[in-house]
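Colleague: Please work out how this folds:
(2 chains)
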Amino acid sequence: MKIKRYTMFLILLVLITNLLVGCGDKSANADIQAKKIIMGLDDTFAPMGFRDESGELVGFDIELAKEVAKKLDVEIEFQPIDWSMKETELNTGNIDLIWNGYSITEERKEKVAFSTPYLANSQIVVTLADSSIVKLADLEGLAVAVQAESSAVDAAYSKEGFVESLKDGKMIEFSTNNEAFNDLEAGRSDAIVVDEVLARYYMKQNGEEKYKVLEENLGDEEFGIGLRKEDTQLLEDINKALDELMKDGTYDEIYNKWFSDN
Amino acid sequence: MKVLKMLIPLTIEGLKITLGVFILTLAVSLPLSILVALMRRSKNKFLSKFIGIYIYIMRGTPLLLQLMFIYFGYHYIPHIGYALGRYQAIFIAFILNYTAYFAEIFRGGIGSIDIGQYEASKVLGISRSYTFSKIILPQVIKNVLPSIGNEVITLVKDTSLVYILGVSDILKAARAASNTYSTFTPFVFIGFVYLIIIAILTKLLDKIELKFNYYR
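Modeller: Numbers count the residues shown, from 1 in each chain, chains lettered A, B, ... in the order given. Purely as a prediction, here's the structure:
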């Protein structure tokens, strides 16, 4: 009967394409502890991990990671992921590290293990240069933009009554900080809450004189590397490597390259 | 400008993914959906119901969610030793999803063919499979082409959902350039790229419709 032949043709088609597609794939079951670790990052997060003009992955985190991998004598692979899926990618074994300006917070500590902090950051509030806003209290009833799923959101909510005092009692959440900045420049948002490291990069790109940073911030925080809780040996190794890099000057070298203008 | 210099190579890389997913999905789900449509129309109540449930689930949840479940979900199901790679998950999710949509379109198309066609075929002694493939199906295709065309165009844009698995398509290329240069322009550029793709596609679909216009 024609249908049977047709079905067989289809099954063949599906199998062939599956093979085609599966060939270029790295097996998610690759042995992670043996010589290769996969670092997950959002490759649109300047200056920690992003693409330069030739599409190459660069950034403070990228360079530090390469140095750590050298010290540990393992191969490191960079896997772009969607930031909102980072813990899922980690816990399902598709990546071994979350390393991308990953802020250490209490909630996150429940789901992942953190390395020793390797960079200080704070959640700052940025407005346009000509804004009349000077203190946090001035933001009452105004619109504030922020990147969704970021620690900026957590920082804002941890300040008693802050978010409730804003327009409509909430913040405007965008999927990237760029979009938040865009909203600010378009005049639709009056201020944004953002990682200091990213903000300084962005403002430098677009002309620092256009913006103003409030004196008060919404909290200091630190960046750490995220690992699965059960990877205790890897954690120990990485912490040791970080420690050595900070002692032998490599860390300072990388720091000055990316943040010298601060 | 600098932005374009970064954007264009990334877009070309991204096009491989965007067009790859598009073509692969169409190549498999179009033929598959005809089979599924027939199964849905089958006299076998069990088969018909079973396919009905499959279609319901595929149409009833966002493709984005399906991508996430298929790729990340295996981990939470005990005893499955095999993990799907990113591209395999994309391939499976898109095919399952679009086959369901196409199948419904074909089902409607097949159902709209006048029963006289089947009767005439029977009278002429034409076999069932020949009737279907050479008489019914061409008429069905002519009827459903606009609807199929619609879904095909939607597919081009749905390819941007691969971002959730960290895969870089053309929209991600725009995001990357936009982030590095802190500007919105890359998105405008990519908007035009989509428009160009769809323009070519629309022209192609029109040509195909003309070919099937055998009554004029």
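Colleague: Could you tell me what pLDDT the model assigned to residue A:213?
Modeller: On pLDDT, residue A:213 comes in at 89.
Colleague: what separates it from chain B, distance-wise?
Modeller: 16 Å (C-beta to the nearest C-beta, to the nearest Å). The way it works is simple: take the backbone N, C-alpha and C, and place the C-beta from them, glycine included.
Colleague: just residue A:225 next, same as before
Modeller: 18 Å.
Colleague: Going along the chain, name the strands of chain A.
Modeller: Counting by DSSP state E, chain A has strands at residues A:36-41, A:44-45, A:49-51, A:57-58, A:75-80, A:97-103, A:113-114, A:119-128, A:144-147, A:172-174, A:191-195, A:211-213, A:220-227.
Colleague: what residues does stretch A:43-63 touch?
Modeller: By C-beta atoms under 8 Å, 6 or more residues apart in numbering or on different chains, the residues outside stretch A:43-63 that reach it are A:41-42, A:78, A:80, A:83, A:99-101, A:119, A:176, A:178, A:197-198, A:201-202, A:223, A:254-255, A:257-259, B:2, B:5-6, B:9-10, B:13, B:172, B:175-180, B:182.
Colleague: Where does pLDDT dip in the stretch 151-262 of chain A?
Modeller: For the stretch 151-262 of chain A, the stretches flagged by pLDDT under 70 are A:260-262.
Colleague: repeat for chain B
Modeller: Filtered on pLDDT under 70, chain B yields the residue ranges B:78-82, B:215-216.
Colleague: Can you pull the domain assignment for chain A?
Modeller: A:24-120+A:223-259, A:121-220 (automatic domain parsing).
Colleague: so can I have a markdown table of those domains showing mean neighbour count?
Modeller: Converted to a markdown table, the domains of chain A look like this (neighbours: other C-beta atoms under 10 Å in any protein chain shown):
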| stretch | mean neighbour count |
| --- | --- |
| domain A:24-120+A:223-259 | 18 |
| domain A:121-220 | 18 |
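Colleague: Switch those over to CSV; also include distance to residue B:212.
Modeller: As requested, the domains of chain A are exported to CSV (distance: least, C-beta to C-beta, whole Å):
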stretch, distance to residue B:212
domain A:24-120+A:223-259, 36
domain A:121-220, 42
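Colleague: Now the spatially most central residue of chain A: closest residue in space that isn't a chain neighbour?
Modeller: The centroid of chain A falls nearest to residue A:100 when counting by C-alpha atoms, centre = their mean (4.0 Å). Spatial nearest neighbour of residue A:100, excluding adjacent residues (C-beta to C-beta, 6 or more residues apart in numbering or on different chains): residue A:41 at 3.9 Å.
Colleague: Touching, that neighbour and residue A:82? I think so.
Modeller: No: Residue A:41 is beyond contact range of residue A:82, at 10.6 Å (criterion: C-beta atoms under 8 Å).
Colleague: Please enumerate the helices of the stretch 151-262 of chain A.
Modeller: A:151-158, A:162-165, A:177-185, A:196-206, A:232-247, A:250-259 (DSSP state H, counting those that start in this stretch).
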